[in-house]
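Engineer: Compute the structure for the input listed below.
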Amino acid sequence: MAADAPTRRGLGRGSRIKQGRDFRKLRTAGQRAVRGCLIANWLHLPGAEHSRLGVVVSKKVGGSVVRSRVKRLLRESFRLHQYELAQTLDLVLVARPSIAGRKFAEVERDFLGTLRAAGLLK
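Structural biologist: A predicted model of the protein is given here:
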């Protein structure tokens, strides 16, 4: 764990991307990486205090129960590793249909692999 990382690793409202215009901006102006069961779109925020996360899960992934679980898995992966990011950024994770039925360890492995391949981790 990094020295500047707080002991409590929350993911409050200020850490989430909620507005459609922010999702569109990341899709058009941001960078993109695909790995395993997810797609990551990101945009560096040089002056921001903390990174923000947005999660997109389409109905192709499954029913509402499956989609909710996938969102929780992706948010938890980000929450645990948000202080390992090299710089602050807006990050949108798009779940691919292959994510349905995966365990947390598999989702976390794909999440970290995507960030590592993109050079976003310290």
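Engineer: What is the burial count for residue 24?
Structural biologist: 10 (other C-beta atoms under 10 Å). C-beta coordinates here come from the backbone N, C-alpha and C atoms, glycine included.
Engineer: What residues sit buried inside the helix or strand hosting it?
Structural biologist: Using DSSP states H and E, residue 24 sits within helix 20-29. Buried residues in helix 20-29, defined by neighbour count with 16 or more other C-beta atoms under 10 Å: 22-23, 25-26.
Engineer: Just name the closest of those to residue 54, please.
Structural biologist: residue 23 (5.8 Å; C-beta to C-beta).
Engineer: re earlier: of the buried residues of helix 20-29, which is the nearest to residue 89?
Structural biologist: Nearest to residue 89 among the buried residues of helix 20-29: residue 26, at 9.5 Å, using C-beta to C-beta.
Engineer: Test my guess that the closest one contacts residue 43.
Structural biologist: Yes. In terms of C-beta atoms under 8 Å, residue 26 counts as a neighbour of residue 43; the distance is 5.3 Å.
Engineer: Just want the angle from the host helix or strand of residue 54 to helix 20-29.
Structural biologist: Counting by DSSP H and E, the element that carries residue 54 is strand 52-56. Going by axes from the mean of the first three to the mean of the last three C-alpha atoms, to 10 degrees, strand 52-56 is angled at 90 degrees with respect to helix 20-29.
Engineer: Quick check: buried residues in strand 52-56?
Structural biologist: Here strand 52-56 shows 52-56 as buried, counting by 16+ other C-beta under 10 Å.
Engineer: Next: stretch 100-115.
Structural biologist: In stretch 100-115, the ones that count as buried by 16+ other C-beta under 10 Å are 100, 102, 107-112, 114-115.
Engineer: Give the rounded mean pLDDT of it.
Structural biologist: Mean per-residue pLDDT for stretch 100-115: 93.
Engineer: How about residues contacting that stretch?
Structural biologist: Here stretch 100-115 makes contact (C-beta atoms under 8 Å, 6 or more residues apart in numbering) with 33-38, 40, 61-62, 66, 70, 73-74, 76-78, 80-81, 85, 93, 99, 121.
Engineer: Off-centre distance for that stretch?
Structural biologist: Distance, stretch centre to chain centre, for stretch 100-115: 11 Å (C-alpha atoms, centre = their mean, to the nearest Å).
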